[in-house]
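>>> need a structure here:
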Amino acid sequence: MFRIRYVTLAAALTLILTIAPVYAAPNLKVGSTASYSLAASVSSTQSCTASPANYYNQACLGIYPPTVVVTISDDGHCGTQKPSDPLSYLRCRFVPDNVTVSQGETVVWINDGNLTHAVTANVTATGGLPAFNSGPIAPKGSFTHSFDQIGTYHYYDPYYAPLLTNGLLRGIITVTPPSPTPPTAMPSDFQVGLNGNVRWTVQGLSSSTANLLVSHNLAVSISVPQLPGLTITPLTESGTLVQSIDLATRVESAGTATDLIEHLLDAYASASSGSYGYNAGFGNIISQMSATATSDPSYTLWWVNGPLSNGSPVQVMDGWASVTESENLNLGSLGNVQAWIVTSQFSQGVNLTVPSSPFGPSGPNAQAALNLNFLWSYDKGSDLLVRSLANGTMTMHSVSSTQVSTSGYCYSYPCTYTTVQVTRDMRLTVTLALHLTSTSLSLDQRMKNGASTLDMSSILAAMTATPWMILSVVGVAAGAIIAFSLWLTRRERKRAMPEATPAPVSAPPTPPSTTS
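As a prediction, the model looks like this:
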């Protein structure tokens, strides 16, 4: 009887130990829902300086001063009449031969003829204005000159003086004061807002996995601080995705929201790492900062595996967080809830230095710093997320050298360039807030965990979901441990029992003798 009773108890304990689930979560059912309001903003401040400063537009914005093009044409002779075409020499001219430009603008003469030409200032006609002289301009060559002083400039082609009497191969450049409202730089600050809601619904549920259909509806607004009152909402956006979550580990499967965002960051980093514009060098920084995150598992933020306690470690998204305190939250129609506050901070700095190239300007020297702060509030009774706050800042600083044309756009070889040092700074600020607005879940219930009492239906469900090979191996091992413990217990009890002393046995009585 002793052996049967303890073997039965051992088997029951072994069965419960091997099939009891090790996770806890809100009391999920197929069709369970939770809705959250979302408000987020992204603001950016950026600046760029150039040295020398007069090349700011070219180096920082890629905008060159307006350029006027004058074509030099000829008939292949310029001065010698052709018997078949006596007026061919009229084709030797500047086109157009009279142009007007603003102070600081550039004129480019392109030799589109078959002869060598030149452009020389007529000092006599021009007076005290700065002179210029192109020297020989070969066919298909060009000459560029910027006019920084107001006045009227006369010029001519000295190679074909006989044509000047006919008004050919000479021209006029009139330089006027600059426009009173010069073009301004692009806005350096902007803010993007996101407002809407996020909702998830349990579409599939087993003892190990929950499949959620996550939907969102967002409105995007853009405002520019330099233009007060200007706020536009260029688009509204909605969509759905399936989020598969391991109930034991809370790990999201690949292809869910966090994974997609990380892939987008990698794509942006790859696209911008080799660009020459504002993002030069920044793409490499972002690539380094996200390289370690993409290989890590992502843990769902919708719930935790409770119950929690003050100081408990919790894995959320791509890192660890800790329970720091508790709070009483008013959820409006949902009433007041007691919640644990889980917080996490993240900071990282990256330095990038590209060695100077002997064939061009030096590469960028850039630094970036990222600071993120997260706060999640989880209901104490159900482990459900009831609030999430996040804010982060990213600052970037880079110094690089670039080459810009000294005479506007280069239309033909040779072109003249100068090296400009460009310093760029950017600060990006991100904020996000999620608040639970409605749910079909009971905020005072969670799934059973290993420390809770399991009813027969839970046990049967867990047995059905547990692979029998694993159950057998674990059960046999646990049974062997318990049997060995019982054997040791019985052995010790046997040693402790006093031994019995045998009593003396008397000889059988002698039967009486008979006489005849």
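>>> the strands in the stretch 101-250 of the chain, which residues?
For the stretch 101-250 of the chain, the strands defined by DSSP state E, counting those that start in this stretch cover 106-111, 120-121, 142-146, 151-156, 170-176, 189-205, 209-223, 231-246.
>>> which strands border the third one, and is each parallel or antiparallel?
So that's strand 142-146. Paired neighbours of strand 142-146 in the sheet (DSSP bridges): strand 106-111 (antiparallel).
>>> for the chain, which spans come out with low pLDDT?
1-24, 79-89, 179-188, 224-234, 254-295, 354-364, 407-415, 448-516 (pLDDT under 70).
>>> and it, what are its domain boundaries?
1-24+457-479, 27-50+189-440, 65-176 (automatic domain parsing).
>>> just the terminal-to-terminal distance for the last one.
Spelled out, that is domain 65-176. 15 Å (C-alpha to C-alpha, to the nearest Å).
>>> how about the second one?
Taking C-alpha to C-alpha, domain 27-50+189-440 runs 10 Å from one end to the other.
>>> about what we covered before: and the strands of the stretch 101-250 of the chain as CSV, adding distance to Thr423 and mean neighbour count?
In short, each C-beta sits where N, CA and C put it, glycine included. Listed next are these as CSV, based on distance: least, C-beta to C-beta, whole Å; neighbours: other C-beta atoms under 10 Å:
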stretch, distance to Thr423, mean neighbour count
strand 106-111, 26, 22
strand 120-121, 38, 18
strand 142-146, 25, 20
strand 151-156, 36, 19
strand 170-176, 32, 19
strand 189-205, 18, 17
strand 209-223, 27, 17
strand 231-246, 31, 13
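>>> Tyr299 pairs with what?
Beta bridges link Tyr299 to Val251, Met317, judged by DSSP bridges.
>>> could you pull out the helices for the stretch 201-350 of the chain?
Along the stretch 201-350 of the chain, counting by DSSP state H, counting those that start in this stretch, helices occupy 257-272, 282-291.
>>> between the strands of the stretch 101-250 of the chain, which one is closest to Gln315.
Judged by C-beta to C-beta, the one of the strands of the stretch 101-250 of the chain that comes nearest to Gln315 is strand 231-246, at 11.9 Å.
>>> so which elements touch the closest one?
Under the contact criterion of 3 or more C-beta pairs under 8 Å, 6 or more residues apart in numbering; DSSP states H and E, strand 231-246 touches strand 209-223, helix 257-272.
>>> hmm, try it at 6 Å
Where contact means 3 or more C-beta pairs under 6 Å, 6 or more residues apart in numbering; DSSP states H and E, strand 231-246 is packed against strand 209-223.
>>> CA-only coordinates of the strand it packs on in PDB, if you can.
This file holds the C-alpha atoms of strand 209-223, laid out as PDB (Å, rounded to 0.1, in the frame of the first residue of the first chain):
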ATOM      1  CA  THR A 209       1.400  31.200 -29.800                       C
ATOM      2  CA  ALA A 210      -0.900  34.200 -30.200                       C
ATOM      3  CA  ASN A 211      -1.600  35.700 -33.600                       C
ATOM      4  CA  LEU A 212      -2.700  39.300 -33.500                       C
ATOM      5  CA  LEU A 213      -4.100  41.400 -36.400                       C
ATOM      6  CA  VAL A 214      -2.700  44.900 -35.700                       C
ATOM      7  CA  SER A 215      -4.400  47.800 -37.500                       C
ATOM      8  CA  HIS A 216      -3.800  51.500 -37.500                       C
ATOM      9  CA  ASN A 217      -5.300  54.700 -38.800                       C
ATOM     10  CA  LEU A 218      -3.000  57.800 -38.800                       C
ATOM     11  CA  ALA A 219      -3.100  61.400 -40.100                       C
ATOM     12  CA  VAL A 220       0.200  63.000 -41.000                       C
ATOM     13  CA  SER A 221       0.600  66.800 -40.500                       C
ATOM     14  CA  ILE A 222       3.600  68.900 -41.400                       C
ATOM     15  CA  SER A 223       4.400  72.400 -40.100                       C
END
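>>> what angle separates it from strand 231-246?
Strand 209-223 and strand 231-246 are oriented at 170 degrees to each other (axes from the mean of the first three to the mean of the last three C-alpha atoms, to 10 degrees).
>>> got the buried residues for the helix or strand encompassing Ala40?
Using DSSP states H and E, Ala40 sits within strand 33-51. Residues of strand 33-51 classed as buried: Ala34, Ser35, Tyr36, Leu38, Ala40, Ser41, Val42, Ser43, Gln46, Cys48, Ala50 (neighbour count, 16 or more other C-beta atoms under 10 Å).
>>> isn't the third one up against Val198?
Yes - between Tyr36 and Val198 there is a contact under C-beta atoms under 6 Å: 4.9 Å.
>>> rewinding a little: make TSV from the strands of the stretch 101-250 of the chain and add distance to Gly76 to it.
Shown next, in TSV, are the strands of the stretch 101-250 of the chain (distance: least, C-beta to C-beta, whole Å):
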stretch	distance to Gly76
strand 106-111	13
strand 120-121	22
strand 142-146	19
strand 151-156	20
strand 170-176	20
strand 189-205	56
strand 209-223	58
strand 231-246	57
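>>> out of the ones you listed, which gets nearest to Leu432?
Closest approach to Leu432 among the strands of the stretch 101-250 of the chain is made by strand 189-205 (8.2 Å; C-beta to C-beta).
>>> which element follows the strand holding Ala40 toward the C-terminus?
According to DSSP H and E, the helix or strand after strand 33-51 is helix 56.
>>> list of residues touching that next one?
If you take C-beta atoms under 6 Å, 6 or more residues apart in numbering as the criterion, helix 56 is touched by Ala50.
>>> could you check how far Leu247 is from Gly335?
Between Leu247 and Gly335 the computed distance is 27 Å (C-beta to C-beta, to the nearest Å).
>>> er, Ser388 I mean
According to C-beta to C-beta, Ser388 stands 19 Å off from Gly335.
>>> which of the two has more neighbours?
For Ser388 versus Gly335, the count of surrounding residues by other C-beta atoms under 10 Å is larger for Ser388: 21 against 9.
>>> hang on, the more buried one is in a helix, isn't it?
No - applying DSSP: H, G, I helix; E, B strand; the rest coil, one finds Ser388 to be strand, outside a helix.
>>> got the contact list for it?
Counting by C-beta under 6 Å, 6+ apart, Ser388 touches Trp376, Leu434.
>>> tell me what it is bridged to.
Ser388 forms beta bridges with Trp376, Leu434, as assigned by DSSP bridges.
>>> same thing with Val399?
Beta-bridge pairing for Val399 (DSSP bridges): Asn365, Thr423.
>>> and if you look at Ile72?
Note on Ile72: beta-bridge partners Phe94, Asn111, judged by DSSP bridges.
>>> can I assume it is in contact with Val119?
No - the pair Ile72 and Val119 does not pass the contact test of C-beta under 6 Å, sitting 7.9 Å apart.
>>> skipping adjacent residues, who's closest to Leu441 in space?
Pro26 (5.0 Å; C-beta to C-beta, 6 or more residues apart in numbering).
>>> can you pull the phi/psi pair for that neighbour?
For Pro26, the backbone dihedrals (degrees, to the nearest 10) come out as phi -50, psi 150.
>>> okay, it and Thr116: tell me how far apart.
Distance from Pro26 to Thr116, by C-beta to C-beta: 86 Å.
>>> for the two, indicate the residue with more neighbours.
Neighbour totals were compared for Pro26 and Thr116, and Pro26 leads with 27 against 15 (other C-beta under 10 Å).
>>> how many neighbours does Arg93 have?
Residues near Arg93, counting by other C-beta under 10 Å: 23.
>>> what residues are up against it?
Counting by C-beta under 6 Å, 6+ apart, Arg93 makes contact with Leu168.
>>> roughly how far apart are it and Val350?
According to C-beta to C-beta, Arg93 stands 59 Å off from Val350.
>>> which residues are common contacts for Ile72 and Val119?
With C-beta under 6 Å, 6+ apart, Ile72 and Val119 have common neighbours Trp109.
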